[in-house]
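Enquirer: Fold the following.
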Amino acid sequence: MKKFLCFFLGLLMLLTYNVPPISAYSIPEKEEIEEIQDARDCETFYDFSKYMKDNYNIEVDRLLSGCNFNTVKTAAAGIEYTINTYPALKGRIKEFKLGYYYDYALGTSFDGTVYFFSNFFSKSDKYIEDLLTKAKKNKTKYHPTNCENVFCYGMHEAAHLLTGLILEEENIDYESYMSNIQKAKDIVKEALEGASYSMQEQKIYEISQYATTNEVECIAEAICDHLINEEKAAELSIKIAEVFEKYKKTSENSDVSFY
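Expert: Residues are numbered from 1 along each chain as shown. From the prediction side, this is the model:
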């Protein structure tokens, strides 16, 4: 009997190892979720998963319930703000998935998966606050002005899928990695038309240091810059944003706050 009990307890521990506590995603007693303005208003992981599924048809990986819920919600709010600004993006993001990559907070694949990397989203509020405070003091402007925050990180990821809207109109596979890369190069090249090579580098750097990585990142940084800073955004950001202007909704939702 003692051996059996030890075996049973050992099996139970094995099955529940690394599984988030059930309270993190249990169904709340109320039948309906109260009115939610954006993802940050969700009080439970169940509310959050249901909200993203019902409003954007986005599946949320259950493993994300083991991450910092506030940080996950804030990034998701940035993603949904970009979707709401460019309604044609609705349906393009299909899944929020827990990812494992050391150097980044988020990542997006052109097939519609946004990865929330555990090295960032498993950290405490205090750790992330200190990390962002340090980043904001960095004089190199790694991200655009006012964009060094988790909300904008989410905006940036959703912006990666904007090039796919143009590809679809051109009857090109919008999930193709190479097609998105080439389209991004074409857009940035056109926006820089007339500038010398040295000035081109300078104009990209005016958006942010990260924008100099490649044209795909340049577009995402430019969109984030323009959405946050509007007419105060970098000149190149405004030109790039104009390319996607036709996909924006006709009126801005002034009820949504960035932070």
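Enquirer: Could you pull out the buried residues of the helix or strand containing Ser237?
Expert: Assigned by DSSP states H and E, Ser237 belongs to helix 235-243. Buried residues in helix 235-243, counting neighbours by 16 or more other C-beta atoms under 10 Å, are found at 236-241, 243. The C-beta positions use only the backbone N, C-alpha and C, and glycine is treated the same way.
Enquirer: what do you get for stretch 140-155?
Expert: Neighbour counts over stretch 140-155 (16+ other C-beta under 10 Å) mark 141, 143-144, 146-155 as buried.
Enquirer: Next: stretch 131-138.
Expert: By neighbour count with 16+ other C-beta under 10 Å, stretch 131-138 contains no buried residues.
Enquirer: re the thing from before, looking at the buried residues of stretch 140-155, which is nearest Asp47?
Expert: Nearest to Asp47, judged by C-beta to C-beta, of the buried residues of stretch 140-155 is Gly154 at 17.9 Å.
Enquirer: residue boundaries of the helices in the stretch 51-200 of the chain?
Expert: 69-85, 118-121, 125-136, 150-159, 162-169, 177-191, 197-207 (DSSP state H, counting those that start in this stretch).
Enquirer: which stretch in the ones you listed is the model least sure about?
Expert: Across these, helix 125-136 has the smallest mean pLDDT, namely a mean of 88.
Enquirer: so how far is the helix holding Ser237 off the chain centroid?
Expert: Between the centre of helix 235-243 and the centre of its chain there are 20 Å (C-alpha atoms, centre = their mean, to the nearest Å).
Enquirer: outside of that helix, which residues touch it?
Expert: The set of residues that contact helix 235-243 without belonging to it, under C-beta atoms under 8 Å, 6 or more residues apart in numbering, is 144, 166, 187-188, 190-192, 203-204, 206-207, 218-219, 221-223, 225-227, 229, 231, 233.
Enquirer: Having no further points to raise, I will conclude here.
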